[in-house]
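predicted structure and sequence below. I'll ask about it afterward.
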Amino acid sequence: MFTNTLTQQKEPFSPISDPVKIYVCGMTVQDQPHMGHMRAYITSDLVKRYLEFSGYKTLLIQNFTDIDDKIIIRAKEENKDYRIIAEQFIQEYLEVADGLNIERADIFPRATQHIQEIIELVKVLVDKGLAYRANGDVYYDVTKFVDYGKLSKKRLDGLIAGARISPGEKKRGPMDFALWKASKDGEPWWESPWGKGRPGWHTECSAMSMHYLGETFDIHMGGEDLIFPHHENEIAQSEGATGKPFVNYWLHNAMLNLTGEKMAKSTRHYYAAKEILAKYSANSIRLYFLQAHYRSQIEFNFERLDAAESAFTRIEDFLRQAEAKIGKIEVSADNIDTTEFRAAMDDDLNTSKVIGMIFDLTTKGFAQLEANDLDNLKTTSALVTLYLQTLGFQQPKRKVIERSFEATLSLKPEAEFFTIEKEFKDARDLARKLKEFDIADIIRKGFAEFGLELKDTSEGSQFVPLPTSQQVISEGRMLGQMMLAKKLAKEKGLTEIEKLISNGLEKTLAKMASVPKEIYSQIFSE
């Protein structure tokens, strides 16, 4: 059941056919993706994953607007070809989306690859009398489409009364919008029946979605800021051309705000997704978003991201300890009772409720660990794992090392690993003593990446060995966490902690068979 923006009601989902056909409005690639963008794409990723969990196949299309006024302006400012600008930010989006574990669309069409389909759509609208030519431009006459405003619930007479035609525009009515724009000097162009020009922003989505998904398809998604005018105009174009319903379910996620205002490229009022992903794990970012319902606005702040990071660390700690007790288990919805999970997700993707269920199960799981209740622990661990997988959280990928715990870590003074790990451990103990818990937590994560658990006692941190079969190692991620802890200690002026970590890093690297020079420079350059 989804909340359909068109009807403003929750509606049972009934697809037209197999597969479920989904169109997601993608980025206009004149700048880097920000966190507001990624909320929309994590939402569409969630919809796709849950539909597939529910037994449907999906076909998801997500476009890139790679020709636009803003792209052209930036290309001129940087004295670059517009295609270089577009490609740069397309690649950055794909890198960030992959990093956030967002499954790739089945097709990523670009506006410039579908000029012929766009021209054909505009020709149909002109022939039907819904659009008109004006000195090389082509505009859609919104007064000719009787249902204009049905998605946004805006009255056309009210819109017209409050609108004005900007100087230089050639349109007849203030709410008419461009389907095709005549080229200006120095701008890219394509030949058309109306002269050299390029597509309007709204036109491309109608042309591409209908090209790949048909004249009527199941789900159209995007941020709520696209409801008007973009999606309203898509309906006018598409239904005006075909005479058929365009989309059955319109799903819109709410905004991610920063100090009360929408994150937006146009105002430079945003945090770049790449920068946030460098500081926080993909899982903590996804948890941060999914703790709220997708239709609820979120105020961006680092305190909530920090809280999400800590919360997910606790979930991971439970799963790691459970696996050490009961071994790795195969998880399948076929042999687990998912009634409560499905009820929440079928209720318009109520992820906030599901996250609460995961938190409750984690608390229950720690109690089962303490009581050595292995039968119930298996069920709890399986439920948490399945819920996380379905919601799109990354599963840890570490290689198993076939050596004993004693070979990896010996607490005898002469052991080769002792001085390295002891210095990291001493740094963590000192950080806890100074109440620098953020640094202590980063160091703990570093040990976790190396397959080692830490328990905090009144006498300091103590290592808890995992069974040989459960030992895992990720040297790169371990080093990354220690480097991050060193950097944070330096920023805070905690020289003793910084020195301990630096010494530990230097000795660790000396033990490794091969270390690129750039890694040394990152750790010891300052």
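Right, received. Where do you want to start?

now Pro174, what's its secondary structure?
In three-state terms, and counting by DSSP: H, G, I helix; E, B strand; the rest coil, Pro174 is coil.

now it: closest residue in space, sequence neighbours ignored.
In space, not counting the residues next to it along the chain, Pro174 is nearest to Ala163; the distance is 3.5 Å by C-beta to C-beta, 6 or more residues apart in numbering. All C-beta atoms are positioned from the backbone trio N, CA, C, and that covers glycine.

ok, Leu59 to Pro229 distance?
Going from Leu59 to Pro229 by C-beta to C-beta, to the nearest Å gives 27 Å.

remind me what the longest helix anywhere in the chain packs against, helices and strands.
Looking across the chain with DSSP state H, the single longest helix is helix 302-326. Judged by 3 or more C-beta pairs under 8 Å, 6 or more residues apart in numbering; DSSP states H and E, the packing partners of helix 302-326 are helix 282-290, helix 351-371, helix 374-391, helix 437-449, strand 453-457.

least reliable of the ones you listed going by mean pLDDT?
For these, mean pLDDT drops lowest on strand 453-457, to a mean of 65.

show me how the protein divides into domains.
16-279, 301-396, 400-524 (automatic domain parsing).

which ones are touching Gln237?
Gln237 makes contact with 121, 125, 140, 179, 202-203, 206, according to C-beta atoms under 8 Å, 6 or more residues apart in numbering.

any idea which of the residues you listed is closest to Ser310?
Using C-beta to C-beta, His202 comes nearest to Ser310 of the contacts of Gln237, at 43.2 Å.

now do the phi/psi pair for that closest one.
Phi and psi for His202, reported as degrees, to the nearest 10, are phi -70, psi -30.

so where's the stretch 401-526 of the chain shaky on pLDDT?
Along the stretch 401-526 of the chain, segments meeting pLDDT under 70 span 401-421, 449-451, 453-477, 509-526.

how about a cut-off of 90?
Scanning the stretch 401-526 of the chain for pLDDT under 90 picks out the ranges 401-429, 431-433, 435, 437-438, 440-485, 487, 501-526.

buried deepest among the domains of the chain, which one?
Mean neighbour count, computed with mean count of other C-beta atoms under 10 Å, is highest for domain 16-279 among the domains of the chain, reaching a mean of 19.

got the end-to-end distance for that domain?
Across domain 16-279, the terminal residues are separated by 42 Å (C-alpha to C-alpha, to the nearest Å).

avg pLDDT for that domain?
For domain 16-279, the per-residue pLDDT averages 94.

follow-up on the earlier one: the helix or strand following the longest helix of the chain vs helix 374-391, what angle?
Toward the C-terminus, helix 302-326 is succeeded by helix 339-346 as the next helix or strand (DSSP states H and E). Relative orientation of helix 339-346 versus helix 374-391 (axes from the mean of the first three to the mean of the last three C-alpha atoms, to 10 degrees): 20 degrees.

same for helix 339-346, what does it pack against?
helix 351-371, helix 374-391.

figure out how far the first one is from the centre of its chain.
Distance, stretch centre to chain centre, for helix 351-371: 24 Å (C-alpha atoms, centre = their mean, to the nearest Å).

show residues contacting whatever helix or strand Leu125 lives in.
Following DSSP H and E, one finds Leu125 within helix 115-127. Contacting residues not belonging to helix 115-127 are listed as 111, 131-133, 138, 140, 179-180, 190, 192-193, 199, 203-204, 206-208, 210-211, 237, 240-241 [C-beta under 8 Å, 6+ apart].
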